[in-house]
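Asks: this one's structure only:
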């Protein structure tokens with residue numbers, strides 16, 4: 001039985017070229033980038049080259065890139081670092097109810113530290129309302145954090161419109177772009193964002209490396225204490241081998257982005273068409289026209305997440321949901337609860353399928369038929 005991976009929004013397989021680029025660094029480049037001798041200078045050269053490539057991928061300056069251990073640390077640094085550094089200007093933060101937990105739990109921490117947080121609602125189309133944001137802004141607002149693409153539904157949020165609204169406001173705009181970075185053409189200046197988080201393992205790079213873009217001049221406190229790496233904003237010896245892998249993944253992503261969008265959108269439509277042909281009852285959560293190419297979130301009426309995922313796995317299909325499946329209990333998706341209400345059946349019968357490098361026309365077709373067979377059997 002072929003195992004088929006439809007969970008690229010969770011993580012992606014490393015590209016072969018990324019592995020090849022990293023291996024010589026493991027073997028030959030062990031110097032500390034902060035050391036002034038030849039070993040250190042070699043590591044520093046690689047670090048600087050990667051920073052330039054990665055900065056250019058979002059039309060930023062290289063001094064505006066802070067390497068982190070991934071998206072979670074980048075989100076934490078953006079929210080806590082900015083909030084603490086700008087507290088004299090106000091204590092109000094705006095985010096949304098559908099953020100990744102890396103943002104939501106950080107916002108909850110800041111509430112305990114005395115900040116006031118407004119959580120914007122999300123509507124049936126899976127988007128927030130720009131009008132809600134306008135109405136929530138006050139003279140005390142210092143930070144707005146809204147994800148670019150939702151990790152469960154794949155729906156793109158109106159970040160550019162939000163950037164326009166905040167153009168003449170003191171509040172900084174942060175976006176968690178972890179799901180957006182690999183497929184959308186991101187220009188931080190055109191979007192009007194001040195802070196942006198990404199993670200390498202979502203674009204076929206290594207785990208344990210990401211970056212936070214922080215616009216030049218932003219007041220941002222470090223979360224850790226130590227050396228002066230990353231322009232005093234993120235101490236600790238840099239992960240040079242991870243950075244090189246990240247750079248390589250970015251170069252490949254930029255070269256293949258158009259092809260990937262077309263291929264993944266094709267996989268998604270193929271998958272949905274087969275479910276229709278098999279006469280499976282389902283509903284796509286949110287506005288499918290507003291999703292990125294790689295993600296679709298599907299509700300299967302009359303089923304439940306735990307049984308679906310268990311049976312998919314037994315049949316060799318890897319997918320996921322926003323639910324935390326534990327022994328005998330399912331926690332409803334906070335994203336779908338925000339869209340439909342806490343008691344809606346969609347919150348416990350929906351699966352996220354996400355397409356990527358591990359897919360082909362043939363295995364997507366096979367996966368769709370397996371899924372249809374399982375849904376039909378469970379409904380009996």
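Replies: That came through fine. Not measured: the values here are computed from a predicted model.
Asks: Can you tell me the SS state at residue 190?
Replies: Assigned with DSSP: H, G, I helix; E, B strand; the rest coil, residue 190 falls in the helix class.
Asks: So for residue 251, what's the nearest residue that isn't a sequence neighbour?
Replies: The spatially closest residue to residue 251, leaving aside those adjacent along the chain, is residue 53, at 6.4 Å (C-beta to C-beta, 6 or more residues apart in numbering). From N, CA and C alone the C-beta is placed, and that goes for glycine too.
Asks: what do you get for residue 240?
Replies: Using C-beta to C-beta, 6+ apart, the closest residue to residue 240 is residue 43 (5.0 Å).
Asks: Could you check how many residues crowd around the one you found?
Replies: Using other C-beta atoms under 10 Å, residue 43 is surrounded by 24 other residues.
Asks: isn't there a helix covering it?
Replies: Yes: assignment of residue 43 by three-state DSSP places it within a helix.
Asks: Return the residues in contact with it.
Replies: 29-33, 35, 238, 240 (C-beta atoms under 8 Å, 6 or more residues apart in numbering).
Asks: Also residue 322?
Replies: Per C-beta under 8 Å, 6+ apart, neighbours of residue 322: 152, 332-336, 350, 352.
Asks: What score does it have for pLDDT?
Replies: Among the per-residue scores, residue 322 shows a pLDDT of 70.
Asks: separation between it and residue 76?
Replies: Per C-beta to C-beta, to the nearest Å, residue 322 is found 21 Å from residue 76.
Asks: Check residue 242 too.
Replies: From residue 242 to residue 76 the distance is 18 Å (C-beta to C-beta).
Asks: Which one's more surrounded, these two?
Replies: residue 242 (23 against 19).
Asks: Quote the end-to-end distance of stretch 132-149.
Replies: The first residue of stretch 132-149 is 18 Å away from its last residue (C-alpha to C-alpha, to the nearest Å).
Asks: again, but for stretch 74-89
Replies: Start-to-end, stretch 74-89 (C-alpha to C-alpha) is 23 Å.
Asks: next one: that stretch to chain centre, how far?
Replies: Offset of stretch 74-89 from its chain centre (C-alpha atoms, centre = their mean, to the nearest Å): 20 Å.
Asks: Just checking, which helix or strand of the protein averages the lowest pLDDT?
Replies: Scoring the helices and strands of the chain by mean pLDDT, DSSP states H and E places strand 324-326 at the bottom, with a mean of 48.
Asks: Can you pull out the low-pLDDT segments for the chain?
Replies: Scanning the chain for pLDDT under 70 picks out the ranges 323-330.
Asks: at 80 instead, please
Replies: Along the chain, the parts satisfying pLDDT under 80 run over 322-331.
Asks: mind giving me the domain split of it?
Replies: According to automatic domain parsing, the chain comprises the domains 4-11+257-379, 16-252.
Asks: sec struct for the residue nearest to residue 251, please.
Replies: Under three-state DSSP, residue 53 comes out as helix.
Asks: what's the burial count for residue 28?
Replies: A count of nearby residues for residue 28, using other C-beta under 10 Å, gives 10.
Asks: How much space separates it from residue 244?
Replies: In terms of C-beta to C-beta, residue 28 sits 11 Å off from residue 244.
Asks: Now do the buried residues in the longest helix along the chain.
Replies: In the chain, taking DSSP state H as the definition, the longest helix is helix 240-277. The neighbour-count check on helix 240-277 (16 or more other C-beta atoms under 10 Å) flags 240-253, 257, 260-261, 263-265, 267-268, 270-272, 274-275 as buried.
Asks: Who are the packing partners of that helix?
Replies: helix 16-28, helix 38-56, strand 295-299, helix 361-379 (3 or more C-beta pairs under 8 Å, 6 or more residues apart in numbering; DSSP states H and E).
Asks: let's see it at 7 Å
Replies: helix 16-28, helix 38-56, helix 361-379 (3 or more C-beta pairs under 7 Å, 6 or more residues apart in numbering; DSSP states H and E).
Asks: Nearest to residue 206, out of those helices?
Replies: helix 16-28 (6.8 Å; C-beta to C-beta).
Asks: From the contact counts, what lies against the closest one?
Replies: Counting contacts by 3+ C-beta pairs under 7 Å, 6+ apart, helix 16-28 is packed against helix 240-277.
Asks: hmm, back to that, what does the helix or strand just after the longest helix of the chain contact?
Replies: Proceeding N to C from helix 240-277, the next assigned helix or strand is strand 283-284, under DSSP states H and E. If you take C-beta atoms under 7 Å, 6 or more residues apart in numbering as the criterion, strand 283-284 is touched by 296-299.
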